[in-house]
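# Sharing a model prediction with you, sequence too.
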Amino acid sequence: MSDEPTALEPLPEDWERALCIVAHPDDLEFGAAAAVARWTGQGKHVTYCMVTSGEAGIDGLHPDECRPLREAEQVESARIVGVDDVEFLGQPDGIVEYGVALRRLLAEAIRRHRPEVVVTGNFRDTWGGASLNQADHIAVGRAVLDAARDAGNRWIFPEQLSADLEPWGGVRAVWAAGSPESRHAVDTTDTFDLGVDSLSAHRAYIDGLGWENWDPREFLEGMARQSGQRLGVAFAAPFEVYPLGWGD
């Protein structure tokens, strides 16, 4: 039996609007931001939606002080990869709960932004092997998948609908970045440096983690090179694809 890793397929790029919904500032920067830079460079419109502001992410900083700092870092990080539209939904960091309330919140965002593709983070139990995922990531990713379908059904959360907000059933797929079950990827060879700069913009958060001698470039390169080999390029960002169309 061959030990060669499974080849990755390139993601389609015949779309114009994407909405990235993740739990925290910095979630997209740990691998997916370089793909976002590629897409914005093609003229696509990408919006970032942070479910929390990551205010519980720095042990030595009170959440009230941490919140505006992390929001500012995320806005700058997004700007680096060509994203000007960043919103924060204000849910409590670290204790996000999967359920109807979260689905309702995310369905409203999807109805407002009307994306063709919704990007989220890995929401499987682990990152592969014994490396456990974080609870907010799991709750948000599961809710994103459900909300992408909820948004198109006018009888689900009908109180949201008005002359300015209609059902949106145009989401073709949800793409989960960094999933250990990824079968697709985006070539990020030309935008890898922008991805590194985007992660580096989260300086206060990175410093707050206390990871001695941790290098964002070295970290991202290890993952991107591995995925790139499976795609047949130098660097790539992996995604698990959840199609939403009938028969997909």
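Arrived safely, thanks for sending. Residues are numbered from 1 along each chain as shown.
# Show me what the spatially most central residue of the chain is bridged to.
Centroid check for the chain by CA atoms, centre = their mean gives Thr120 as the closest residue, at 3.7 Å. Per DSSP bridges, residues listed as beta-bridge partners of Thr120: Ala176.
# residues in contact with it?
20-22, 140-141, 144-145, 174-177 (CB atoms under 8 Å, 6 or more residues apart in numbering). (Each C-beta comes from the backbone N, C-alpha and C, glycine too.)
# So which of those is the closest to Gly60?
When the contacts of Thr120 are compared for distance to Gly60 (CB to CB), Val22 wins out at 23.8 Å.
# returning to that earlier point: quick one: which of the contacts of Thr120 is nearest Arg111?
Using CB to CB, those come closest to Arg111 at Ile21, 12.8 Å.
# That closest one against Val117, yeah?
No - using CB atoms under 8 Å, Ile21 is not in contact with Val117, being 11.2 Å away.
# Of the two, which one has the most company?
Ile21 (30 against 24; other CB atoms under 10 Å).
# separation between that one and Arg217?
Between Ile21 and Arg217 the distance, using CB to CB, to the nearest Å, works out to 27 Å.
# now swap in Leu132 and tell me
From Leu132 to Arg217 the distance is 25 Å (CB to CB).
# could I get the contacts of Thr120 as TSV with secondary structure and distance to Phe157?
Formatted as TSV, these follow (DSSP: H, G, I helix; E, B strand; the rest coil; distance: CB to CB, whole Å):
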residue	secondary structure	distance to Phe157
Cys20	strand	21
Ile21	strand	16
Val22	strand	21
Val140	helix	17
Gly141	helix	19
Val144	helix	15
Leu145	helix	16
Val174	strand	18
Trp175	strand	23
Ala176	strand	23
Ala177	strand	26
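# Identify the residue nearest Arg67 in space, chain neighbours excluded?
Nearest residue to Arg67, sequence neighbours excluded (CB to CB, 6 or more residues apart in numbering): Glu55, at 4.0 Å.
# Please name the residues that touch the one you found.
63-64, 66-67, 70, 93.
# Just the buried subset of those, please.
63, 66-67, 70, 93 (16 or more other CB atoms under 10 Å).
# ok, then the element right after the helix or strand of the chain with the lowest mean pLDDT?
When the helices and strands of the chain are compared on mean pLDDT, DSSP states H and E, helix 203-209 comes out lowest with a mean of 89. Once the chain leaves helix 203-209, the next helix or strand it forms, by DSSP states H and E, is helix 216-231.
# Output the contacting helices and strands for the helix or strand following that next one.
The helix or strand immediately downstream of helix 216-231 is strand 236-243, counting by DSSP H and E. Other elements packing on strand 236-243 under the criterion 3 or more CB pairs under 8 Å, 6 or more residues apart in numbering; DSSP states H and E are helix 33-41, strand 173-177, strand 184-187, helix 216-231.
# In contact with the nearest residue to Phe235 once chain neighbours are set aside, which residues?
With CB to CB, 6+ apart as the criterion, Phe235 has its nearest non-adjacent residue at 3.9 Å, and that residue is Ala224. Neighbouring residues of Ala224 by CB under 8 Å, 6+ apart: 31, 34, 188, 192, 195, 235-237.
# distance between the ends of stretch 228-244?
Across stretch 228-244, the terminal residues are separated by 26 Å (CA to CA, to the nearest Å).
# before we move on, back to that, need the helices and strands packed on strand 236-243 in TSV with distance to Arg203 and mean pLDDT, can you?
What follows is those, written out as TSV (distance: least, CB to CB, whole Å; pLDDT from 0 to 100):
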stretch	distance to Arg203	mean pLDDT
helix 33-41	15	98
strand 173-177	22	98
strand 184-187	26	98
helix 216-231	10	96
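# For Asp150, which of those is the nearest?
strand 173-177 (12.2 Å).
# just the angle between the closest one and strand 236-243, please?
150 degrees (axes from the mean of the first three to the mean of the last three CA atoms, to 10 degrees).
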